[in-house]
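1. Sequence below, structure please.
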Amino acid sequence: MRTADLIVMSPEPLLKIIPLIAKLLMMAKAGPAAGFAVCLSFYPFDTLKTRVQSPAFRKLAAQSAHPRRMWLRGLYQGIGPITLAMMPASAVFFASYESSKRFLLTSAPRIPEPITHVLSSSLAEVLGCVVATPAEVIKQNAQVLQEAKGSSSLAALKLIGRNPKDLWRGFTLLAGRNIPFVVIQFPLYERLKVAFGVRERGSGLMETAKVTGAAAGLSGGVAAWLTTPVDMVKTIIMLEASKHGGKRLRAADVARSVWREEGVKGLWRGGALRGIWTGAGSGLYLGVYECTLLAMGEK
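-> Numbering: from 1, shown residues only. Take a look at the predicted model:
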């Protein structure tokens, strides 16, 4: 194509692309803002959940002269890596979710809307897990450290070793937990928003926060509790990364072992705690997210 042709070409295609780019940038800003607020507010509950699910930590706590102090000490251990990863992971998730959802709704309108939400959230979660897995491995190993001089995250990283593959232990299970989570949560979340009247009453920040917060809290709590068995297995496999010479465990073997030793109770260990704080965190997370978009002018 000649330069003259480029000069006289209609600007309409470019004008269509610019709003899309601007929208994706807005999504990328709103997601991390919501994720950062949740991370700071509810991180101690995540630490307690990890410790409850760790067989080694429970054994040490039972043998300790001061078990309560052991459980409650260092509740913010490992927050550094997960906070750093939260920003890009949230940006990737929300930008992918919103753009893929909009693409499917416009290009394939015959697909039922719940299926569209499932496909969009699943794709977004896989991409988010690519960013989040190394931070999740470091975080969980730091959460169960007893006495770490200096940074607990650096201490956990030293224990994990120099093999980069160890930082990706549990990636399949992280995605295998998060995809069912969002497949349950987001269609339910979208339905509850409609049921609660967010589209009719969502013109104000406070009203948007209340409605989306309630919808996200209920959907997030249900999804978290239902996916607890996968989370339990994921925790055990990721904690194995800090053991010198620790073998790579198979998810099926871990699940069978937990079932054999503790039954259903073992697979759902930490489920109530996870459901409560995830529900509260989801309400804050998506409430802040929706309000951020509204404050930036997104309807």
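
2. Helix or strand for the closest residue to L192 other than its chain neighbours, just tell me which one.
-> With sequence-adjacent residues excluded and distances taken as Cβ to Cβ, 6 or more residues apart in numbering, L192 is closest to A215, at 3.6 Å. Any C-beta I mention is one placed from the backbone N, CA and C, and that applies to glycine too. Taking DSSP states H and E as the criterion, the element that holds A215 is helix 205-226.

3. helices or strands up against that helix?
-> When contacts are defined as 3 or more Cβ pairs under 8 Å, 6 or more residues apart in numbering; DSSP states H and E, helix 205-226 packs onto helix 171-196, helix 198-201, helix 271-295.

4. 6 Å instead, please
-> helix 171-196, helix 271-295 (3 or more Cβ pairs under 6 Å, 6 or more residues apart in numbering; DSSP states H and E).

5. Show me where the chain has its helices.
-> With helices called from DSSP state H, the chain shows them at 3-8, 12-53, 55-63, 67-72, 79-107, 113-143, 152-160, 171-196, 198-201, 205-226, 228-239, 251-262, 264-267, 271-295.

6. Can you tell me which of the ones you listed is packed in deepest?
-> Burial among the helices of the chain, expressed as mean neighbours by mean count of other Cβ atoms under 10 Å, is greatest for helix 228-239, which shows a mean of 24.

7. what's the model's confidence in that helix, averaged?
-> Helix 228-239 comes out with an average pLDDT of 94.

8. I'd like to know which elements that helix is packed against.
-> helix 12-53, helix 171-196, helix 251-262.

9. just to revisit the earlier point, which stretch in the helices and strands packed on helix 205-226 has the least confidence?
-> helix 271-295 (a mean of 82).

10. can you count the residues close to K243?
-> Burial measure for K243: 13 neighbouring residues, criterion other Cβ atoms under 10 Å.

11. Return the residues in contact with it.
-> K243 is in contact with no residue at all, counting by Cβ atoms under 6 Å, 6 or more residues apart in numbering.

12. Could you shift the numbering so residue one becomes 40, and keep it that way?
-> That works, and once the first residue is 40, the last one we named lands at K282.

13. for the stretch 90-239 of the chain, what are the low-confidence residue spans?
-> Counting by pLDDT under 70, the stretch 90-239 of the chain contains low-confidence residues at 187, 201, 237-239.

14. please redo it, this time with the cut-off set to 50
-> Across the stretch 90-239 of the chain, nothing is flagged by pLDDT under 50.

15. wait, L206 sits on A174?
-> No - using Cβ atoms under 6 Å, L206 is not in contact with A174; the gap is 8.8 Å.

16. Geometric centre of the protein: which residue is closest?
-> In the chain, the residue lying closest to the centroid (Cα atoms, centre = their mean) is N217, at 6.8 Å.
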